[in-house]
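*Asks:* Would you be able to build a 3D model of this:
(chains A and B)
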Amino acid sequence: MNEVFIFWPIIIDGTLTTIKLTLASGVVALIISFTVGLARLSRHWVVRAIATIYLEFFRGTSAIVQMFFMYFVLPLLGVFLPALMAGIVACGFNLGAYGSEVVRASVQSVGREQREAAKALNYTNFQLYRHVLIPQAIPVMIPSFGNLVIELLKLTAVASLITISDLTFMSQIIRVQTALTLEPLILIMVIYFILSSILVSGTKWLERYFSAGRNIHKSGGN
Amino acid sequence: MKNIIEFKDVSKYFGSLKVLDGLNLEVGAGEKLALIGPSGSGKTTILRILMTLETIESGLITVEGKPLWHEKVNETLVPASEAHLQKMRQIIGMVFQQFNLFPHLTALSNIEQPQILVRKVTKEEAREKAANLMDLVGLEDKKDHYPHQLSGGQQQRVAIARALAMDPKIMLFDEVTSALDPELVDEVLSVLKKIATTTDTTMLTVTHEMNFAREFADRILFFDKGQIVEQGLPEGIFTNPKEPRTRGFLKKYITGLT
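*Replies:* Model (predicted):
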């Protein structure tokens, strides 16, 4: 085990890269989730169609293949993405597809009576979404987003396959250098687990924050 | 009295079910109407059509002389655009059976937000008006409560205040006490009576509260099967209905009617 700990600087480096990759692709995924998810609810069929094609494509093909495509194929087409960028884009686009379904379903879960109330008050369609539907949909989204961000953390491990020196990549380096297999793998498993535990408590906190003082699901009754 | 609402030969279907059958109706500006009748008779549909929540299949509705579901393009009537509907909605407000407050906003914000977004008034103006209206409906101490922290009667009073804040010339009340426990009905009805006596808002109320209808309304409309079977002054309708269908319906509510 001691031999492994000699490598702690690269372990920390790898951990930081994994965190960076997760956060950056998380932001990309979040933006895509809302853009595609709301586009799937558009009144214009062209917008809906484009969003649906995006969703089905990125959900229906393997994340590793998408990443390989961005790192190995795009350069052939004249687009050069640095490895980290390719990893962020691939993870973000992939998770964004799943996230868009969360956004769409959560917005649709807000009752019809809320839309009618907004219409009776003469809200525009934009105001309806911005001030009525999305604020009520966000607390519904959070548990599912929490699951997705853990998926994302684990997905970033495949980025090691395109030379990104994340946690998984570093464990392979240690393996090669020390001929130890068990120790480095147990070590990174523990680190992944700690990171995902942090994400879980973050999600829990957000859930509490968004339900503080209000009860979104109960608006009727006596 | 000038007519503020006119229905001319309006029909409406839900699938193959005819909910409004060639309806003709004129409502004078400032008039207080009570719409009564068995459920499924089309009375709620009339309010929903006026609020532009339901379309019509045939006929013409005018509000303040302008067609509601149509607009004039080169002297011919075509189906209304969203822009036209938005203009018309400024004239009309509605209160729903299930209150439909925004659960993520406090009572006060529920009244403020539509004013700021739709009527484009300043935050201060909106806040002052919201506070005054909370006063009017007797909830000055509940401003910062969220809807789920209020009783049904209190929620409905906030919903009434929210609709009033938009200064509609026509107010639609769709069975606003039907979802309430019996002991909470009066607090809501007394707010309606207050509005009726203190403003010249035109009010259309769908209700099953016959005593309230009698006190509140200038005119009672009895609906059945998508048509107005009988209409007239409350006194006449409630003491001596002409039509057997009206009599049959009212017998369940009014003792002494045979």
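*Asks:* could you pull out the helices for the chain?
*Replies:* Going with chain A. A:2-5, A:8-39, A:45-60, A:63-68, A:83-109, A:112-120, A:125-127, A:134-155, A:167-178, A:182-211 (DSSP state H).
*Asks:* My question was about chain B, not that one.
*Replies:* Under DSSP H, chain B gives helices at B:43-50, B:82-89, B:107-114, B:123-136, B:152-164, B:185-198, B:210-216, B:234-239, B:244-251.
*Asks:* got a markdown table for those helices, with distance to chain A and mean pLDDT too?
*Replies:* (Each C-beta comes from the backbone N, C-alpha and C, glycine too.) Putting the helices of chain B into a markdown table (distance: least, Cβ to the nearest Cβ, whole Å; pLDDT from 0 to 100) gives the following:
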| stretch | distance to chain A | mean pLDDT |
| --- | --- | --- |
| helix B:43-50 | 8 | 95 |
| helix B:82-89 | 4 | 94 |
| helix B:107-114 | 4 | 97 |
| helix B:123-136 | 13 | 95 |
| helix B:152-164 | 4 | 96 |
| helix B:185-198 | 11 | 93 |
| helix B:210-216 | 19 | 92 |
| helix B:234-239 | 27 | 92 |
| helix B:244-251 | 27 | 92 |
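*Asks:* picking that back up, which of the helices of chain A sits closest to chain B?
*Replies:* Shortest distance between chain B and those, using Cβ to the nearest Cβ, is found for helix A:112-120: 3.7 Å.
*Asks:* Show me which positions of that closest one end up buried.
*Replies:* Neighbour counts over helix A:112-120 (16 or more other Cβ atoms under 10 Å in any protein chain shown) mark A:Glu113, A:Gln114, A:Arg115, A:Glu116, A:Ala117, A:Ala118, A:Lys119, A:Ala120 as buried.
*Asks:* Distance of the residue nearest to the fifth one when sequence neighbours are not counted relative to A:Arg115?
*Replies:* Read it as A:Ala117. In space, not counting the residues next to it along the chain, A:Ala117 is nearest to B:Asn100; the distance is 3.7 Å by Cβ to Cβ, 6 or more residues apart in numbering or on different chains. Separation of B:Asn100 from A:Arg115 (Cβ to Cβ, to the nearest Å): 9 Å.
*Asks:* ok so, going back, for B:Leu192, find the nearest of the helices of chain A.
*Replies:* Checking those against B:Leu192 by Cβ to Cβ gives helix A:112-120 as the closest, at 16.9 Å.
*Asks:* To B:Glu209, which of the helices of chain A lies closest?
*Replies:* helix A:112-120 (21.8 Å).
*Asks:* model confidence over the closest one, on average?
*Replies:* For helix A:112-120, mean pLDDT rounds to 96.
*Asks:* do the same with stretch A:39-51
*Replies:* 96.
*Asks:* contacting residues around it?
*Replies:* A:Val36, A:Gly37, A:Thr52, A:Leu55, A:Ser100, A:Arg104, A:Val107, A:Gln108, A:Asn125 (Cβ atoms under 8 Å, 6 or more residues apart in numbering or on different chains).
*Asks:* Repeat that for stretch A:129-142.
*Replies:* Taking Cβ under 8 Å, 6+ apart as the rule, stretch A:129-142 contacts A:38, A:102-103, A:106-107, A:109-110, A:114-115, A:117-118, A:123, A:203, A:206-207, A:210-211, A:216, B:102-104, B:113, B:117.
*Asks:* hang on, the earlier thing: is there a neighbour count for the residue nearest to A:Ala117? I'd like the number.
*Replies:* 27 (other Cβ atoms under 10 Å in any protein chain shown).
*Asks:* wouldn't it be in contact with A:Glu116 here?
*Replies:* Yes: using Cβ atoms under 8 Å, B:Asn100 makes contact with A:Glu116 at a distance of 6.5 Å.
*Asks:* where does chain A have low pLDDT?
*Replies:* For chain A, the stretches with pLDDT under 70 are A:1, A:212-222.
*Asks:* Format the helices of chain A as JSON lines; extra columns: distance to B:Met51.
*Replies:* Output for the helices of chain A, formatted as JSON lines (distance: least, Cβ to Cβ, whole Å):
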{"stretch": "helix A:2-5", "distance to B:Met51": "70"}
{"stretch": "helix A:8-39", "distance to B:Met51": "26"}
{"stretch": "helix A:45-60", "distance to B:Met51": "27"}
{"stretch": "helix A:63-68", "distance to B:Met51": "48"}
{"stretch": "helix A:83-109", "distance to B:Met51": "22"}
{"stretch": "helix A:112-120", "distance to B:Met51": "5"}
{"stretch": "helix A:125-127", "distance to B:Met51": "16"}
{"stretch": "helix A:134-155", "distance to B:Met51": "21"}
{"stretch": "helix A:167-178", "distance to B:Met51": "58"}
{"stretch": "helix A:182-211", "distance to B:Met51": "31"}
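*Asks:* ok, and for stretch B:194-202, which residues are buried?
*Replies:* Buried, per 16+ other Cβ under 10 Å, within stretch B:194-202: B:Ile195, B:Ala196, B:Thr201, B:Thr202.
*Asks:* for stretch B:78-89, same thing?
*Replies:* Quick answer for stretch B:78-89 (16+ other Cβ under 10 Å): B:Ala80, B:His84, B:Leu85, B:Gln86, B:Met88, B:Arg89.
*Asks:* Could you report the separation of the spatially closest residue to the fifth one that is not a sequence neighbour from A:Thr178?
*Replies:* If I follow you right, that is B:Met88. If the residues on either side of it in the chain are set aside, B:Met88 comes closest to B:Leu68, at 5.4 Å by Cβ to Cβ, 6+ apart. B:Leu68 is 80 Å from A:Thr178, where distance means Cβ to Cβ.
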